[in-house]
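A.B. asks: Any chance you could fold what I've pasted below:
(chains A and B)
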Amino acid sequence: MEASPGARIREGDCAVLKRGEVFKAVPVLRRRKIIFEKQWFYLDNAIGHIYGTTFEVTNGGNLQPKQDVEETTTETKEAGTDNRNIVDDGKSQKLTHDDIKALKDKGIKGQEIVQQLIENSTTFRDKTEFAQDKYIKKKKKKYEAVITIVKPSTRILSTMYYAREPGKINHLRYDTLAQMLTLGNIHAGNKMIVMETCAGLLLGAVMERMGGYGSIIQMYPGGGPVRAATSCFGFPKPYFDNLHEFPLSKVQSLLSGTFSTETLPSDPEDNALVEEESNGLTEEKQTSLQETEEEPTTEAPMEINQSEEQETMDINAEDVEFKENKEKENKENVREKQMKQWERRKKLTETAALLREKNADGLIVASKFHPTPLLLSLLEFVAPSRPFVVYCQYKEPLLECYTKLRERGGVINLKLSETWLRNYQVLPDRSHPKLTMSGGGGYLLSGITVVLDKGKSDSSSLEALKMEEPSPKRCKVQDLHC
Amino acid sequence: MSFIEYGDTIKDGDTAIVFLGHESMFPVKVQHGTVTQTKYGVIRHSTDLIGKKYGSKVTCSKGGWVFILHPTPELWTMNLPHRTQILYSTDISIITMMLELKPGSIVCESGTGSGSLSHALIRTVAPTGHLYTVEFHQQRAEKAREEFREHGVDHLVTVTNQDVCKNGFGVSNIADAVFLDIPSPWEAIGHAKSALKTEGGRICSFSPCIEQVQRTCLAMEEYGFTEINTLEILLRVYNVRTISLQIPDLGKAAEDNSGTGFDSSNPSNQGSPGANLQQGTVQFKSGVPLREMVGHTGYLTFATKSLV
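C.D. replies: Predicted structure coming up:
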């Protein structure tokens, strides 16, 4: 079937496994055992299929596309009217734990197991139709183990991270992320400044919405940016050509004009290794990175042993050669390191120049740090009449940020908000909001930059007042404008 | 300038946003020789706007001033002339993300309405994507075409004047996503499915009433859509205010001056962060919710079309 190139599962992709509402990101590699939802299997058979295909796990741990089985026609089944006579004594299911295990071991398909459970339930026919429906759905969910392989996207990854590892993304709920991308007018061609400590999820989302066009400068704390989630998106290499990074620790010097590349933060790659989380995904990246960064001593003996098939060689001679080669390796490594440092310095200078232009098209911030110092400094690099949006898990720091921004001036349309998200169950005669909902998804402060009045005259305080909401007439006396 | 690309200076023919103050702004078509009236006085386009940087402050004839802003779909949504009820950025944001839209995406939409969502979709799929939008009202379809042209985005959008429930979107098997905001979306599900790519895509239906949602979910199931999920999203806005609360007078324990409890005249209390500025009050910063908020716009139902 004619499908766009990105639509098929390929080896080396990052794919997301989905079962019901549970997601997990995994690398698509042959003969790599995957454990997901109490099942283990290999992804080999999935390669070549279209993303979105649903698979079953066979007994051998292989995937096979799920056959579309015709549902047994529902003849008017026996059902009750209500549960007044149904006693929940835990004894209504006649099949024991062992019986079910035996069925599973025999290789009986999930569908058949569910059928067995229904037949061996003494109360099934007394349940109402709705209750029967609910029972069947529940058993199917447990015993019919189907897995869908989906293509990573902001939607999938942000939902996955929020469910699995919210701490890594500062509890940024996916709808809040969605608001940020729109409020920030993230689109192709922008020159964006991104500051995040969300494992690279926000960066990936921004990159997805920019489609490889424009440029991004990622500000980072410490030694280097964490981009674990970014790699899950599977962007083509050209997307990274215009992705720059710049250390926060150099921002002050850049703003005051004293920036130099003499003192650099410690090697970003080493730090990235340390900081990278393992979603079961980065293991592969980590081992490959480690191989290139490893001490030369461990590689040298291997090379020598392979190239010289001399088992009879004098051990001393081998040692000498070993040492000589090691010295050569060391010199090469030192040169390599120097080259790398020079390149990094060059890139840093280029990125600094990009920032100095002070014409970024937007600023987007979502981090564990207090937002105020970040905003006050990073806004300097943004052109006038451009949106900015900052996320904070808590409301209070944004209150302070708002106040400080008012004092600074040069911003309008400041808005502090959060979104309220509710999921629904929609079934005939059984539609209602779902039982649980997220208690909070974080807060956003957004606004638009304007030309900053350098002279702080009376007009700036007038401006601040003008930008404020008019005192609501019906309000009680206690309020004061900040 | 354009809605899909930032520009630095205001040019003749641009659509700019005049910002007067909190929640007070309006769009203006920049034209040589034209004059715009505001409550602060007159703005002369030729001298006050054209050639100025976006984000500049412009002083009007009566002495008051305004800011001139670069248009964005979000600003447009807040200021466009309503021909129908529109979608606001809160819903638009989640729609964009859940439909997995990005540069290059092909999207189908019906109805076009006032073009609020349309502008946002065009911005997201630019420069290589396309929006096919269907509107059954002839004048609205024409007005939409006009606006897209004025805003320099007409190469990214095709407006079709027909009934999507009867005749579909006018394209087949090319869309990555379909969006429906019509009275009877269940009647268009079949057309939506055929507009979507064979290998799959996403669909979203927006309906104010739960009965519409129920019918639509049923239709989606019948047509083989999966991952059907209905949600609603609401925006809560907070006003940042400094609040002053009075300390109640609880009297004194005895007749002498050694009182218990918070003594506002005690110098050690003066320097503390929550300290009173006036006698007997405590000040603090708060994010105060608005008196009223939007409680409902519509239910959003998303689903996936896939091969298997």
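A.B. asks: Please see if stretch B:78-93 touches chain A.
C.D. replies: Yes - counting by C-beta under 8 Å from any C-beta of the partner chain, chain A is contacted by stretch B:78-93 at B:S89, B:T90, B:I92, B:S93. To be clear about C-beta, it is placed using only N, CA and C from the backbone, and glycine gets the same treatment.
A.B. asks: nearest to chain A, of those residues?
C.D. replies: B:S93 (3.8 Å; C-beta to the nearest C-beta).
A.B. asks: quick one: that closest one is in a strand?
C.D. replies: No - under the criterion used here (DSSP: H, G, I helix; E, B strand; the rest coil), B:S93 is helix, not part of a strand.
A.B. asks: show me what contacts it?
C.D. replies: By C-beta atoms under 8 Å, 6 or more residues apart in numbering or on different chains, the contact set of B:S93 is A:D175, A:A178, A:Q179, A:L181, A:T182, A:L183.
A.B. asks: related to what we said a few turns ago, the residues of stretch B:78-93 next to chain A: which two are farthest apart?
C.D. replies: B:T90 and B:I92 (7.2 Å; C-beta to C-beta).
A.B. asks: any chance of the residues of stretch B:78-93 next to chain A in a markdown table, with pLDDT too?
C.D. replies: Shown next, in a markdown table, are the residues of stretch B:78-93 next to chain A (pLDDT from 0 to 100):
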| residue | pLDDT |
| --- | --- |
| B:S89 | 96 |
| B:T90 | 97 |
| B:I92 | 98 |
| B:S93 | 98 |
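A.B. asks: Who are the packing partners of the longest helix seen in chain A?
C.D. replies: In chain A, ranked by residue count with DSSP state H as the criterion, the top helix is helix A:315-356. Using 3 or more C-beta pairs under 8 Å, 6 or more residues apart in numbering or on different chains; DSSP states H and E, the elements in contact with helix A:315-356 are strand A:215-220, strand A:243-247, helix A:251-256, helix A:296-307.
A.B. asks: quick check: mean pLDDT across the longest one?
C.D. replies: So that's helix A:296-307. Mean pLDDT, computed over helix A:296-307, is 38.
A.B. asks: And the third one, by the same measure?
C.D. replies: Throughout helix A:251-256, pLDDT has a mean value of 95.
A.B. asks: And for the first one?
C.D. replies: Per-residue pLDDT over strand A:215-220 has a mean of 98.
A.B. asks: partners of it, with directions?
C.D. replies: strand A:191-196 (parallel), strand A:243-247 (parallel) (DSSP bridges).
A.B. asks: Next, the angle helix A:315-356 makes with that strand.
C.D. replies: In terms of direction (axes from the mean of the first three to the mean of the last three C-alpha atoms, to 10 degrees), strand A:215-220 departs from helix A:315-356 by 110 degrees.
A.B. asks: Please state the offset of strand A:215-220 from the chain centre?
C.D. replies: In terms of C-alpha atoms, centre = their mean, to the nearest Å, the centre of strand A:215-220 is found 17 Å from the chain centre.
A.B. asks: next SSE after it?
C.D. replies: The helix or strand immediately downstream of strand A:215-220 is helix A:228-232, counting by DSSP states H and E.
A.B. asks: Give me the helices and strands touching that next one, please.
C.D. replies: Using 3+ C-beta pairs under 8 Å, 6+ apart: helix A:228-232 touches strand A:14-19, helix A:154-164, helix A:201-210, helix A:282-293.
A.B. asks: Now the helix or strand just after the shortest one: buried residues?
C.D. replies: Beyond strand A:14-19 on the C-terminal side, the first helix or strand identified by DSSP H and E is strand A:22-27. If you call a residue buried by 16 or more other C-beta atoms under 10 Å in any protein chain shown, then strand A:22-27 has these buried ones: A:F23, A:K24, A:A25, A:V26, A:P27.
A.B. asks: Is the third one in contact with A:L157, as I believe?
C.D. replies: In other words, A:A25. Yes - contact criterion C-beta atoms under 8 Å: A:A25 and A:L157 qualify, at 7.1 Å.
A.B. asks: Please tell me the pLDDT value assigned to the nearest residue to A:S367 once chain neighbours are set aside.
C.D. replies: Nearest residue to A:S367 in three dimensions, chain neighbours excluded: A:T197, at 4.2 Å (C-beta to C-beta, 6 or more residues apart in numbering or on different chains). Looking at A:T197, its pLDDT is 98.
A.B. asks: give me every residue that touches A:T197.
C.D. replies: So A:T197 contacts A:N170, A:P221, A:V226, A:A366, A:S367, A:K368, A:F369 (C-beta under 8 Å, 6+ apart).
A.B. asks: ok, of the residues you listed, which come out buried?
C.D. replies: Those of the contacts of A:T197 that meet the buried threshold are A:N170, A:P221, A:V226, A:A366, A:S367, by 16+ other C-beta under 10 Å.
A.B. asks: Flag every residue of the stretch 51-200 of chain B that's near chain A.
C.D. replies: B:53-57, B:67-70, B:72-74, B:89-90, B:92-94, B:96-98, B:100, B:102-104, B:120, B:123-124, B:126-128, B:197-200.
A.B. asks: Assess the claim that B:K285 and A:L399 are in contact.
C.D. replies: Yes - assessed by C-beta under 8 Å, B:K285 is found in contact with A:L399 at 4.7 Å.
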